[in-house]
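Engineer: Structure, please.
(one chain, ligands or ions: 1)
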Amino acid sequence: MSDERGPDYREVNFDGLVGPTHNYAGLALGNVASMSHGGLVANPKEAALQGLAKMKALMEAGYLQGVLPPQQRPDLGALRALGFTGSDERVLARAAGEAPQLLRAVCSASSMWTANAATVTPSVDAPDGRLHLTPANLQSSFHRFLEPATTGRVLQAIFRDESRFAHHPALPATPAFSDEGAANHTRLAGDHGEPGVHLYVYGREAFGWGGESSPAPKRFPARQTREASQAVARQHGLADHQVVFAQQHPEAIDAGVFHNDVISVGNGPVLLYHEMAFLDEAGTLEALRERMRSPLIPVRVPVEAVSLEDAVGSYLFNSQLLSNPDGTMTLVVPGECQENESVWRTLQDHLLAGANPIGEVVVKDVKQSMRNGGGPACLRLRVVLGAEERAALAGRVLLDDALHDELTAWVERHYRDRLAPEELADPALARESLTALDELSRLLEIGSVYPFQREGA
Ligand code: SUG
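Structural biologist: Numbering: from 1, shown residues only. Model (predicted):
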């Protein structure tokens, strides 16, 4: 490691535990999987176990693995704020009858996709030597807009030491500052300890957008604004020479690429991306090269090899790109990549056999999450931490065998193995969920992060 400030910087992947109300509600416009699977019967237990199996496999392979808890759902407080009154049972029954889409929204387990939880800048890049975090406001959809308050409390509970960790408020929850977190942010550096360059990818400009230089998607919404990305970089104290802002290709958004992490993934010096990821591909690479201390290693997948449709269908680019101590990289791809011939061929012939550090492909089954448009990379928030920072984490959130086994037993004890949209109004589900979360917050030693623990509500 090249930095004198603190050796042993390593990446910790904090995966979101899938919550007990995981369901398919068709809530996410522009997310092809969510839009096509709405109404299916979900299996929350299987979803949570698939997530835990992925975490365990990466832990056993030597990567540092963390875990973030799910949120309190159904969010009855949100329903009450929207005018539903009376007992919990009455609120649920009325919402089910009068506004079933609202009930689905307040039951979503969408916090599992922790790549949208926050944007994180490691201490090695920040002027004050602290790690900086900003929860994403997720204002572009109602069900996700419900996340940042609890996300902020969870992050504060874990990254508690103020001398090392700086927390910023989520950006104003208004379209001009629409922020979806780390899914649109990639840090590139020779290794984790080298000062990095931050690539922020946005879908639109809020002020004066849609001009020739910034064409808009026509079919689906752009979820991240340039202004939001700039504000996060500003909060974290990053200077111009540390940042690159690039517009996502509007045609990609219209094909179902609702976050940059559905079309590109980077880690260390490697940027794996589809030809249609950026509006200005050459300019983006050049800006990165100018700023990086170590040479950028771009790995480009052309449209002839993988169409946009296949990229979206397989989630090839929503893979986890993991750095190994020997300089090689491992790509953790969802099972859907194996089922798509052109994608699988590209993985073998272009990526594994190509002149790049990717030396291994690992396939993981996260189908329950994939049906809602969440692949392996959506399920994790990457946090680069020095050894002392890792030691300063509060709570019991770094996975080891014991924690994995306890979490698995916890899921087995509390989760249903089938959940249809019409079952979301079942008051027993709400009670089961609170009992499970109360136990979980004790298991993870994170204190009272949930509204029901704080307000007795
Ligand atoms: O925001 N799906 C999520 C998926 C987020 C994936 N994350 C990243 N790409 N980083 C979303 O679109 C669907 C929920 C439903 O339809 O039930 C949903 O919210």
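Engineer: If you tally nearby residues, what's the number for whichever residue of the stretch 251-400 of the chain sits closest to the ligand?
Structural biologist: Nearest residue of the stretch 251-400 of the chain to the ligand (CB to the nearest ligand atom) works out as Cys378 at 3.3 Å. For the C-beta atoms, the positions are set from N, CA and C on the backbone; glycine is no exception. Here the count is done by other CB atoms under 10 Å, and Cys378 has 29 residues near it.
Engineer: which residues touch it?
Structural biologist: Cys378 sits next to 113-116, 183, 259, 261, 318, 369 when contact means CB atoms under 8 Å, 6 or more residues apart in numbering.
Engineer: And the residues you listed, which is closest to Gln156?
Structural biologist: Distance to Gln156, by CB to CB, is smallest for Thr114 among these, at 15.4 Å.
Engineer: Quick one: neighbours of that closest one, just the number.
Structural biologist: Count around Thr114 with other CB under 10 Å applied: 27.
Engineer: ok, now Ala96?
Structural biologist: Residues lying near Ala96 (other CB under 10 Å) number 18.
Engineer: Quick check: it touching Leu103?
Structural biologist: Yes: Ala96 lies in contact with Leu103 (CB atoms under 8 Å); the separation is 5.3 Å.
Engineer: shared neighbours, those two?
Structural biologist: With contacts defined as CB under 8 Å, 6+ apart, the residues shared by Ala96 and Leu103 are 424-425.
Engineer: State the phi and psi torsions of the residue in the chain sticking out farthest from the centre.
Structural biologist: Farthest-out residue of the chain from its mean C-alpha position, per CA atoms, centre = their mean: Gly86, at 35.2 Å. When read as degrees, to the nearest 10, the backbone of Gly86 gives phi 100, psi -170.
Engineer: which residues touch it?
Structural biologist: Gly86 is in contact with Arg94, counting by CB under 8 Å, 6+ apart.
Engineer: Tally up the residues packed near the closest residue to the ligand within the stretch 151-300 of the chain, please.
Structural biologist: Residue of the stretch 151-300 of the chain nearest the ligand, by CB to the nearest ligand atom: Ala183 (3.4 Å). Residues lying near Ala183 (other CB under 10 Å) number 25.
Engineer: I figured it was touching Asn260, is that so?
Structural biologist: Yes: with contact defined as CB under 8 Å, Ala183 counts as touching Asn260 (6.5 Å).
Engineer: Can you pull the poorly scored residue ranges out of the chain?
Structural biologist: In the predicted model of the chain, residues 1-7, 209-212, 456-457 satisfy pLDDT under 70.
Engineer: Spell out which parts of it neighbour the ligand.
Structural biologist: Residues of the chain lying near the ligand by CB under 6 Å from any ligand atom: 24-28, 31, 34, 38, 108, 110, 113, 115-116, 144, 183, 258-259, 261-262, 372-374, 378.
Engineer: Out of those residues, name the ones that lie in helices.
Structural biologist: Using DSSP state H, 34, 144 are the members of the residues of the chain next to the ligand that sit in helices.
Engineer: Buried ones among the residues of the chain next to the ligand?
Structural biologist: Buried positions within these, assessed by neighbour count (16 or more other CB atoms under 10 Å), are 24-28, 31, 34, 38, 108, 110, 113, 115-116, 144, 183, 258-259, 261-262, 372-374, 378.
Engineer: residues touching the residue lying closest to Gly359 once chain neighbours are set aside, list them.
Structural biologist: Here the nearest residue to Gly359 in space, its sequence neighbours aside, is Thr328; by CB to CB, 6 or more residues apart in numbering that works out to 3.9 Å. Residues in contact with Thr328, defined by CB under 8 Å, 6+ apart, are 357-360.
Engineer: where do the helices sit along the stretch 1-150 of the chain?
Structural biologist: 32-37, 44-60, 76-81, 88-98, 100-107, 142-145, 148-158 (DSSP state H, counting those that start in this stretch).
Engineer: how about the CA coordinates for the helix or strand where Gly359 lies, as CSV?
Structural biologist: Gly359 belongs to strand 358-364 when assigned by DSSP states H and E. Extracted in CSV, the C-alpha atoms of strand 358-364 (Å, rounded to 0.1, in the frame of the first residue of the first chain):
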residue,chain,number,x,y,z
ILE,A,358,-10.1,-10.4,-14.3
GLY,A,359,-9.0,-14.0,-13.6
GLU,A,360,-12.1,-15.7,-12.1
VAL,A,361,-15.8,-15.7,-12.6
VAL,A,362,-18.0,-16.9,-9.7
VAL,A,363,-21.7,-17.5,-10.2
LYS,A,364,-24.2,-16.7,-7.4
